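Undergrad: my questions are about this predicted structure, shown below with the sequence.
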Amino acid sequence: MSNIPTNAVKIEVNGATVDFFKVSEDTQSTYYFDTSKEGPPHPMVNAMSGLKLIKGTQDKLVMINHKMPGGLFAKLEDDVTHVAEDLDGGLVKVVFSSNSESSAESDLSKTSCGG
């Protein structure tokens, strides 16, 4: 069973190494990508590419991954919020949002896990 909604439309995302999908409802969009079958650096690279889509918006970014992306979380300031949940099969779903209340700026150009 796919963790990407069936009504999602495939889109091109600059810098992405996996497929991205978009669902638009009213004035909000949700972007999805799945790196559950990918190893480093793909989860970080794609998360940073996707976060650029939602920065400063009310949109959401949904990451499906094979484990909790702790290295990614450590790179984010409080201008990006996230909520994680465990999925069937040992996968993790992380929903990212842009926090307009924050004056912090996450560096979305850092796509490596180290340093």
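TA: Yes, it's here. This one's a predicted model, so the numbers in the text were calculated from it and none came from an experiment. Numbering: from 1, shown residues only.
Undergrad: any idea which helix or strand in this structure has the lowest mean pLDDT?
TA: Taking all helices and strands of the chain together, the one with the lowest average confidence (mean pLDDT, DSSP states H and E) is helix 70-75, at a mean of 92.
Undergrad: my read: residue 30 touches residue 23, true?
TA: Yes. Under the criterion of C-beta atoms under 8 Å, residue 30 lies in contact with residue 23, with a separation of 4.9 Å. Yep, even glycine has a C-beta here, placed from its N, CA and C like the rest.
Undergrad: may I see the buried residues of stretch 61-68?
TA: Burial within stretch 61-68, assessed by neighbour count using 16 or more other C-beta atoms under 10 Å, is assigned to 61, 62, 63, 64, 65, 66.
Undergrad: show me what the top helix by length along the chain is packed against.
TA: Across the chain, the helix with the greatest residue count (assigned by DSSP state H) is helix 42-54. Contact here means 3 or more C-beta pairs under 8 Å, 6 or more residues apart in numbering; DSSP states H and E; on that basis helix 42-54 packs against strand 20-25, strand 28-34, strand 60-65, helix 70-75, strand 92-98.
Undergrad: could I get the buried residue list for it?
TA: Within helix 42-54, the residues that qualify as buried are 42, 43, 44, 45, 46, 47, 48, 49, 50, 51, 53, 54, counting by 16+ other C-beta under 10 Å.
Undergrad: ok, stretch 16-28 next?
TA: When burial is assessed from 16+ other C-beta under 10 Å, stretch 16-28 yields the following buried residues: 16, 18, 20, 21, 22, 23.
Undergrad: and the last one, what's its pLDDT?
TA: For residue 23, the pLDDT comes out at 98.
Undergrad: hmm, who's touching stretch 94-104?
TA: 47, 50-51, 54-63, 65, 68-69, 77-84 (C-beta atoms under 8 Å, 6 or more residues apart in numbering).
Undergrad: again but with stretch 65-83, I slipped
TA: With C-beta under 8 Å, 6+ apart as the criterion, stretch 65-83 contacts 34-38, 43-44, 47, 51, 55, 63, 84, 90-92, 94-99, 102-107, 110, 113.
Undergrad: buried only: go through those for me.
TA: In terms of neighbour count (16+ other C-beta under 10 Å), the buried residues within those are 34-36, 38, 43-44, 47, 51, 55, 63, 91-92, 94, 96-98, 106, 113.
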